[in-house]
Every structure is written in structure tokens, then in C-alpha cells.
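Visitor: Model the structure of this input:
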Amino acid sequence: MGGQFAWDPRNIRLHLTECQKDGKRIKGHEVRCELKDQPIMNANLLDFLHTTPRLIPKEWEEGRGQCVFFWGTIYRDGDRNLYVRYLYRSDGHWHWSDRGLDGDWYSDYLTAVSASLP
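Guide: Have a look, this model is predicted:
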């Protein structure tokens, strides 16, 4: 998703791919393929929310160990491995980290997508 974005938490929903449901896990590359038709959010939104955590929806705190990924920005390291960044809550604070696409994706690894697009 590109261009300007006016923050309204009602415009974001947390998405779980079919292959992650019911406690299943899959590789990050498979999640990426399943998200190809989803209106995914990019890391600009992650950075905005990380610097203004009071705007992060309370519902995002509900899941224990829950991570919210921003698949609209994929990073590549010097070894050509792909990574995606995510927000997570720990010790009462929001933090960000990244995860390699070669790793397993679990049912508490959600994706931030636009709720206003199909």
C-alpha cells in the first residue's frame, strides 16, 4: 500500500492465513504467497505506531505472544535472506523486531491489512 494514509484503527484488521489457523505453522515464504492478494500494510505504519504507541489498538494486545507483521516491506540482508518486520508487546511496552522468511510462522503471527480494501 503506498501514498498517504490517515490513521484510523478501524481501517486496519489483523489477518491470519488459512494455513496458519487451528494452531498450524508454515514457512514465511508460504505466508508471503498466501498474502499476494491481500491489501497488506508496510513498515511505514509500523514505524508510526512504534513512535506513537498510544495509537495502537487495544485489541492488538489481547493475544499472548501475538506479533503483528507488516508484509508491505520486505528486507534483504547481505546473504540475500528475506525478512519482514513486526510489532510485539512485552513488559508493558511495544517493540519491533524482524523475522526471516525461512522461519516458521505460527497462529499468533498476524498480518496488518487494510480493512477498507477487498
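Visitor: now for the top helix by length along the chain, which elements pack on it?
Guide: When the chain is parsed with DSSP state H, its longest helix is helix 43-51. On a contact count with 3 or more C-beta pairs under 8 Å, 6 or more residues apart in numbering; DSSP states H and E, helix 43-51 meets strand 67-76, strand 82-90, strand 93-100. The C-beta positions use only the backbone N, C-alpha and C, and glycine is treated the same way.
Visitor: Including mean neighbour count and distance to R32, could those go into JSON lines?
Guide: Formatted as JSON lines, these follow (neighbours: other C-beta atoms under 10 Å; distance: least, C-beta to C-beta, whole Å):
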{"stretch": "strand 67-76", "mean neighbour count": "20", "distance to R32": "7"}
{"stretch": "strand 82-90", "mean neighbour count": "19", "distance to R32": "8"}
{"stretch": "strand 93-100", "mean neighbour count": "14", "distance to R32": "12"}
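Visitor: Between the ones you listed, which one is closest to S114.
Guide: Nearest of the helices and strands packed on helix 43-51 to S114, taken as C-beta to C-beta: strand 67-76 at 9.8 Å.
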